[in-house]
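>>> Below are the sequence and a predicted model for it; my questions follow.
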Amino acid sequence: MKILIAGDDFIPASMFQKCLEERLSKMVKDLEFRAFDTGLEGMPRKKLPDVNEYWGRPQDLIERIEGVEILIVSFAPVTKQVIAAGKNLRLIGCSRGGPVNVNVEAATSRGIPVLHTPGRNADAVADFTFGLILALVRNIPKAELFVRSGKWRSPKEDTFEKPTGPELTGRTIGIIGFGEVGSRVGMRATGFKMNILVYDPYISREKVETIGGKMVDLKTLMSESDIITLHLRLPPRVKGFIRAEQLAWMKKTAYLINTSRGVALDEKALYDALKARRIAGAALDVYEKEPISPNNPLLGLDNVILTPHVAGISTDIPVRSCRMLAEDVGRFLKGEKPLHVINPSVLEML
């Protein structure tokens, strides 16, 4: 059995291969791996019409895919042309929650299941989100700078000369998007004894109520929450879910967190609200354009924390992603239903 692995700077092909060998070596006698890594330097100059958020070139896969039955990728572009070139392809695995770099429609038309790894970084993002909440609300970065700048000159323990802020207990957190990440943020909020409001038209009220949360409409959430955190995935070409109108609903003392997608938030409207102190502060890990421009006006504000799209990256994720894929590849080869298939209808045809 021939398996083609396209690794990258985040998950190298060698890690994929090790996990697959551990899972499949006792099941498959004739394992043959073709493995290579695609770095950022391989990013094509032109946007491909049928895949998104990819690294590398389709040609790198096409040149290696002859006779391959299983294709494993992280960010490599699995286009319609790649799938057509894989005459023997039986299975595609992508180590991402949303395999937007895979043409799922083309795979489905060939009857090829596409495995993915939903929730692989959900805990990482939820942890980071709460880290931003605490840092922003309690002014932790400013407190650290207070020490380094030599401004701490008073021996008094309790003084409001020091940067500080309100506690989380008893405050209301509004979670927009209650999927893998949003629900985990909600679970963490229960540990701080916060009131939880949720806006998500695609999930059940019962799911929200399992953690003591309350399902509300968007305006209620925006106007009643002390902290609002975004965890939604927008359709392609949809921008600005939270705009000036929605920001105007917020309390003057409220904070906004975005660790989802930069396009979920109108940056200009946010800048205006922060500059005018119409909201207390914000923390962003994602931006409309990345990397953030050195001329971005948000960099000139003192009531915003900016981080480099790192919420979904932890040292645990690469191995977790590989193992999730390897386990599902093993299930597929044993004739069992994989746990995470983005196009499950094809399994009925096999």
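All right, it came through fine.
>>> for this protein, what spans make up the strands?
Using DSSP state E, the strands of the chain run over residues 2-8, 32-38, 70-73, 91-94, 114-115, 172-176, 195-199, 214-215, 227-230, 255-258, 281-284, 304-306.
>>> And the contacts of the fourth one?
Translated: strand 91-94. 69-74, 78, 83, 101-102, 107, 112-117, 325, 328-329, 332 (CB atoms under 8 Å, 6 or more residues apart in numbering). For the C-beta atoms, the positions are set from N, CA and C on the backbone; glycine is no exception.
>>> what lines up beside it in the sheet?
Applying DSSP bridges, strand 91-94 is found paired with strand 70-73 (parallel), strand 114-115 (parallel).
>>> do the same with the last one
In the sheet containing strand 304-306, its partner strands are strand 281-284 (parallel), by DSSP bridges.
>>> rewinding a little: can the strands paired with strand 91-94 go into CSV with extra columns for mean pLDDT, mean neighbour count and distance to residue 158?
CSV is the format used below for the strands paired with strand 91-94 (pLDDT from 0 to 100; neighbours: other CB atoms under 10 Å; distance: least, CB to CB, whole Å):
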stretch, mean pLDDT, mean neighbour count, distance to residue 158
strand 70-73, 98, 29, 55
strand 114-115, 98, 26, 55
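>>> Take those strands and lay them out in CSV including distance to residue 342.
CSV is the format used below for the strands paired with strand 91-94 (distance: least, CB to CB, whole Å):
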stretch, distance to residue 342
strand 70-73, 13
strand 114-115, 5
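>>> Okay, the nearest residue to residue 164 once chain neighbours are set aside and residue 281: tell me how far apart.
Distance criterion CB to CB, 6 or more residues apart in numbering; nearest residue to residue 164, sequence neighbours excluded, is residue 139 at 5.8 Å. According to CB to CB, to the nearest Å, residue 139 and residue 281 sit 9 Å apart.
>>> Surely residue 14 touches residue 36?
No: assessed by CB atoms under 8 Å, residue 14 is found out of contact with residue 36, at 10.3 Å.
>>> okay, and the common contacts of these two?
Contacts common to residue 14 and residue 36, judged by CB under 8 Å, 6+ apart, are residue 7.
>>> Burial check on residue 1, number of neighbours?
17 (other CB atoms under 10 Å).
>>> re the thing from before, restricted to helices, list the contacts of strand 91-94.
83, 107, 325, 328, 329, 332 (DSSP state H).
>>> Could you tell me which of the residues you listed count as buried?
Neighbour counting by 16 or more other CB atoms under 10 Å classes 83, 107, 325, 328, 329, 332 among the ones in helices among the contacts of strand 91-94 as buried.
>>> need the contact list for the second one.
With contact taken as CB under 8 Å, 6+ apart, residue 107 is in contact with 78, 83, 92, 113, 114, 343, 346.
>>> Quick check: the gap between it and residue 19.
22 Å.
>>> what do you get for the last one?
When CB to CB is applied, the distance between residue 332 and residue 19 equals 15 Å.
>>> Over to residue 348?
Counting by CB to CB, the gap from residue 348 to residue 19 is 28 Å.
>>> Give the residue from the two that has the larger number of neighbours.
Neighbours of residue 348 and residue 19, each counted by other CB under 10 Å, are more numerous for residue 19; the result is 23 against 7.
>>> pretty sure the more buried one contacts residue 319?
Yes: using CB under 8 Å, residue 19 is in contact with residue 319, at 7.4 Å.
>>> In stretch 289-307, which residues are buried?
Those would be 292, 298, 303, 304, 305, 307, for stretch 289-307 by 16+ other CB under 10 Å.
>>> now the third one, nearest residue through space, not along the chain?
So that's residue 303. residue 281 is the one closest to residue 303 (CB to CB, 6+ apart), at 4.2 Å.
>>> Residue 313 now?
residue 124 is the one closest to residue 313 (CB to CB, 6+ apart), at 6.8 Å.
>>> Could you list the residues in contact with stretch 314-324?
Outside stretch 314-324, the residues touching it (CB under 8 Å, 6+ apart) are 10-11, 15-16, 18-20, 23, 74, 95-96, 117, 120-121, 124, 127, 340.
>>> Flag the shaky bits of the chain, pLDDT-wise.
40-46, 235-237 (pLDDT under 70).
>>> any idea which residue sits dead centre in it?
residue 312 (5.2 Å; CA atoms, centre = their mean).
>>> CA atoms only for stretch 228-241 - export them in PDB, please.
Extracted C-alpha coordinates of stretch 228-241, given in PDB (Å, rounded to 0.1, in the frame of the first residue of the first chain):
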ATOM      1  CA  ILE A 228     -17.700  39.200  24.300                       C
ATOM      2  CA  THR A 229     -15.700  36.500  22.600                       C
ATOM      3  CA  LEU A 230     -16.000  35.500  18.900                       C
ATOM      4  CA  HIS A 231     -15.800  31.800  17.800                       C
ATOM      5  CA  LEU A 232     -17.500  31.600  14.500                       C
ATOM      6  CA  ARG A 233     -16.400  30.500  11.000                       C
ATOM      7  CA  LEU A 234     -17.800  32.700   8.300                       C
ATOM      8  CA  PRO A 235     -18.600  31.500   4.700                       C
ATOM      9  CA  PRO A 236     -16.100  32.600   2.000                       C
ATOM     10  CA  ARG A 237     -16.300  36.300   1.000                       C
ATOM     11  CA  VAL A 238     -18.500  37.200   4.000                       C
ATOM     12  CA  LYS A 239     -16.900  39.900   6.100                       C
ATOM     13  CA  GLY A 240     -17.700  42.000   9.100                       C
ATOM     14  CA  PHE A 241     -20.200  39.900  11.200                       C
END
